[in-house]
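J.: here's my sequence, what's the structure:
(one chain, ligands or ions: 1)
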Amino acid sequence: MSSWWKSAVIYQVYPRSFADSNGDGVGDIGGIRARLGHLRDLGVDAIWMSPWYPSPMADAGYDVADFRDIDPVFGSLAEAEALVAEAHAAGIKLIVDIVPNHISSAHPWFQAALASPDAPERDYFWFRPGKDGKMPTKWTGEFGGTTWTQAPDGDWYLHLFTPEQPDLNWEHPDVRKEFESILRFWFDRGVDGIRIDSAALLFKDTTFPEVTDGAPHPFHDLDAVHDVYRSWRRVADEYPDRALIGEVWMPEVDRFTNYLRPDELHAAFNFDFLGCAWDPALMRACVDRTLEAHATVGAPPTWVLSNHDVTRHVTRYGRADTTFSFDNNLDGTPVDLTLGTRRARAAALLSLSLPGSAYVYQGEELGLWENENIPEDQIQDPMYARRGHTRDGCRVPLPWSGDEPPYTFTEGDPWLPQPAEWKDRTVQAQTGDPSSMLELYRAAITLRRAEPGLHAPAMTWLDGDPDVLAYTRGPDFACVLNLSGGPIPLPAGTTPLLLSGPLDDGGLLPVDTAAWLRL
Ligand code: GLC
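T.: As a prediction, this is how the structure comes out:
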């Protein structure tokens, strides 16, 4: 067992937006296979594929109609298998995304359930009679809005997301059996891990109470969910070296680490770090909290800066106000992209040098920012209608080469518009430019592999200015991130291995700049 997930750099591919091979404007497996060299050159250990299954795309593929096939817009199962083989040949592992809380309303189970109240499939979902002609509860959904939709026969069905994503009934043994079989289906095809969507939802309080302050939440983090992950772990353990990685949004650290107990998931995304403001005390406290919490269960910490659901971090860090919100991209707050880029470069050296595994969301290595100017009539995210916020700005297709959109992402029209300013952010424009974000990521990931200190199990804070984050790993490696109000000298006797930005004329480390150092 290599336990690769404990220290891997894992690159998130959002298939709609990575690369298009057939000119329909939507990325596909052919595009990923053709561009695999980019990921090999970047040096990542694994890729996580956001959903690629047949889907009506009511939620960009997180509404799955068949977990054992590939949507024609992305390709075929044979192409997916070829991608797994080619990734493995390039030394890259592959993780697929499984969505257990809900399925697509187009899934045969739900179609059968809708067709007759007596269908056995009815019990795979939560159909309930209304209360006085109204929906059974007043719950607010995860995208805002209500959580029940009335079926033609009068009953209401539960959906914590959109009406096209009916929630599954995890009390039902058939549901459990089906998902264990789906895990085996993908493990049998050689995939190395599973990313588990909305991993803390699944179970509901079957008395369907209202959400009340102080009372246990009726659908977040119910204890029964752990039994499911224990059985998934048994399935994963039947195969060598497979990992289960949870999307667990959970502010309470002790509840979060429950998911990472030795017989449950191998890892979970660290949203605490993703949501941390650019502030030395808060960041240091977050790192400490993360390391301590994971140590209690012996699980590897993870470091995540961006994903397909949140405002890209170049934009987040570019706001003068350092307080952070996941979905502040349409509120008109001014963004300083130069500042955001400088901080994103420093954050890359931070997240890639802390103990644990690091996640890179596609385009992060190019320094892409949120496209905040998507015309309203092109917005596709269902969250927009329900909550006035869109995640489309972080899902814009990648710029590969050339001076104008679509930057060879496609030969057609990209499904979301790309900014004209991205001509400087293409893979082609950045390759070979030592000051580019792409070369910074390549250099950092290469060094991360080679540098013994970056394989040391722990990190140790160096005492000094509280506005400077400085730590060692191993006997002769250190990282220093300057969050103070002015430039600082590098610690005496150290030599830079990699800098997120140049030292100033006096040889000092500027503000919002990080250095990897040889002690
Ligand atoms: C997760 C996904 C998100 C999706 C939601 C519903 O949070 O990351 O993109 O909309 O679950 O499946």
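J.: which bits of the stretch 251-400 of the chain sit near the ligand?
T.: 308-309 (CB under 6 Å from any ligand atom). No exception for glycine: its C-beta is placed from N, CA and C like everyone else's.
J.: mind checking how far Phe185 is from Asp227?
T.: 22 Å (CB to CB, to the nearest Å).
J.: assess the claim that Ala281 and Pro466 are in contact.
T.: Yes - when contacts are counted by CB atoms under 8 Å, Ala281 is listed as touching Pro466 (6.7 Å).
J.: hmm, Ala293 is touching Pro251, no?
T.: No - counting by CB under 8 Å, Ala293 stays clear of Pro251, with 11.9 Å between them.
J.: looking at the two, which is more packed in?
T.: Ala293 (18 against 9; other CB atoms under 10 Å).
J.: in the protein, which helix or strand is least confident?
T.: Least confident helix or strand, the chain: helix 382-387 with a mean of 90, by mean pLDDT, DSSP states H and E.
J.: so what's the residue count around the closest residue to Asp24 other than its chain neighbours?
T.: Distances taken as CB to CB, 6 or more residues apart in numbering put Gly412 closest to Asp24, at 5.8 Å, once the chain neighbours are dropped. If you count neighbours by other CB under 10 Å, Gly412 ends up with 13.
J.: same check on Leu498?
T.: Residues near Leu498, counting by other CB under 10 Å: 19.
J.: and it, what element?
T.: For Leu498, the host element (DSSP states H and E) is strand 495-499.
J.: what's that strand in contact with?
T.: With contacts defined as CB atoms under 8 Å, 6 or more residues apart in numbering, strand 495-499 is touched by 349, 440, 443-444, 447, 451, 477, 490, 503, 509, 513-518.
J.: ok, that strand: who's next to it in the sheet?
T.: Its sheet considered, strand 495-499 pairs with strand 513-518 (antiparallel) by DSSP bridges.
J.: buried set for the partner strand?
T.: 513-517 (16 or more other CB atoms under 10 Å).
J.: can you check stretch 302-320 too?
T.: Neighbour-count burial for stretch 302-320 [16+ other CB under 10 Å]: 302-319.
J.: now do stretch 466-486
T.: Buried residues in stretch 466-486 (16+ other CB under 10 Å): 467-474, 477-483.
J.: quick check: the farthest pair among those?
T.: Greatest spacing in the buried residues of stretch 466-486, by CB to CB: Asp467 and Gly474 (24.8 Å).
J.: what parts of the chain come near the ligand?
T.: Residues of the chain lying near the ligand (CB under 6 Å from any ligand atom): 59, 62, 99, 161, 197-198, 247, 308-309.
J.: from those residues, which land in helices?
T.: Secondary structure defined by DSSP state H assigns none of those to helices.
J.: want to throw the residues you listed into TSV with pLDDT?
T.: Listed next are these as TSV, based on pLDDT from 0 to 100:
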residue	pLDDT
Asp59	97
Tyr62	98
Val99	98
Phe161	97
Asp197	98
Ser198	98
Glu247	97
His308	97
Asp309	94
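J.: nearest to the ligand among those residues?
T.: Relative to the ligand, the closest of the residues of the chain next to the ligand is Tyr62; by CB to the nearest ligand atom it sits at 3.4 Å.
J.: re earlier: quick one: residues contacting the residue nearest to Asp24.
T.: Per CB under 8 Å, 6+ apart, neighbours of Gly412: 20, 23-25, 406.
J.: now name the helix or strand holding it.
T.: Short version, using DSSP H and E: Gly412 is in no helix or strand.
J.: pLDDT on the longest helix along the chain, on average?
T.: Using DSSP H, we find that the single longest helix of the chain is helix 280-297. Per-residue pLDDT over helix 280-297 has a mean of 96.
J.: the helices in the stretch 101-250 of the chain, which residues?
T.: 108-115, 173-188, 225-237 (DSSP state H, counting those that start in this stretch).
J.: got those as TSV, with mean pLDDT and mean neighbour count columns?
T.: As requested, these are exported to TSV (pLDDT from 0 to 100; neighbours: other CB atoms under 10 Å):
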stretch	mean pLDDT	mean neighbour count
helix 108-115	98	18
helix 173-188	98	16
helix 225-237	98	17
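J.: so which of those gets nearest Pro152?
T.: Closest among those, using CB to CB: helix 108-115, at 7.4 Å.
J.: tabulate the CA atom coordinates of that closest one in PDB.
T.: Output in PDB follows, covering the C-alpha atoms of helix 108-115 (Å, rounded to 0.1, in the frame of the first residue of the first chain):
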ATOM      1  CA  PRO A 108     -35.300   5.100 -14.000                       C
ATOM      2  CA  TRP A 109     -35.900   4.700 -10.300                       C
ATOM      3  CA  PHE A 110     -37.500   8.200 -10.000                       C
ATOM      4  CA  GLN A 111     -39.400   7.800 -13.200                       C
ATOM      5  CA  ALA A 112     -40.900   4.500 -11.900                       C
ATOM      6  CA  ALA A 113     -41.600   6.200  -8.500                       C
ATOM      7  CA  LEU A 114     -43.400   9.000 -10.200                       C
ATOM      8  CA  ALA A 115     -45.400   6.700 -12.500                       C
END
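J.: residues in contact with that helix?
T.: So helix 108-115 is contacted by 103-105, 119, 121-122, 124-125, 127, 151-152, 157, 166 (CB under 8 Å, 6+ apart).
J.: list buried residues within the residues you listed.
T.: Of those, these count as buried by 16+ other CB under 10 Å: 103-105, 121-122, 124-125, 127, 151, 157, 166.
J.: from those, which is closest to Ile10?
T.: Closest to Ile10, out of all of the buried ones among the contacts of helix 108-115 and judged by CB to CB, is Ile103, at 25.3 Å.
J.: any idea how far Arg425 is from the closest one?
T.: Between Ile103 and Arg425 the computed distance is 37 Å (CB to CB).
J.: what's the answer for Ala200, then?
T.: 35 Å.
J.: one more: Ala358?
T.: Remark: distance between Ala358 and Arg425 (CB to CB) = 21 Å.
J.: mind checking which of those two has more residues around it?
T.: It is Ala358, of Ala358 and Arg425, that has more neighbours when counted by other CB under 10 Å, with 26 against 23.
J.: could you pull up the residues touching that one?
T.: 8-10, 302-304, 351-352.
J.: and it, helix, strand or coil?
T.: Secondary structure, DSSP: H, G, I helix; E, B strand; the rest coil: Ala358 is strand.
J.: that older thread, check which element follows the least confident helix or strand of the chain along the chain.
T.: Scanning onward from helix 382-387 (DSSP H and E), the first element met is helix 427-430.
J.: quick one, phi/psi of the residue of the chain positioned farthest from its centre?
T.: Ranking residues of the chain by C-alpha distance from their mean position (CA atoms, centre = their mean) puts Asp132 at the top, at 41.0 Å. Main-chain dihedrals, Asp132, degrees, to the nearest 10: phi 50, psi 40.
J.: with Arg16 instead?
T.: Taking degrees, to the nearest 10 as the convention, Arg16 sits at phi -60, psi -20.
J.: which residues touch it?
T.: 26-27, 50, 60-61, 395, 397, 415.
J.: which of these sits closest to Glu86?
T.: Among the contacts of Arg16, and counting by CB to CB, the member closest to Glu86 is Gly27, at 16.4 Å.
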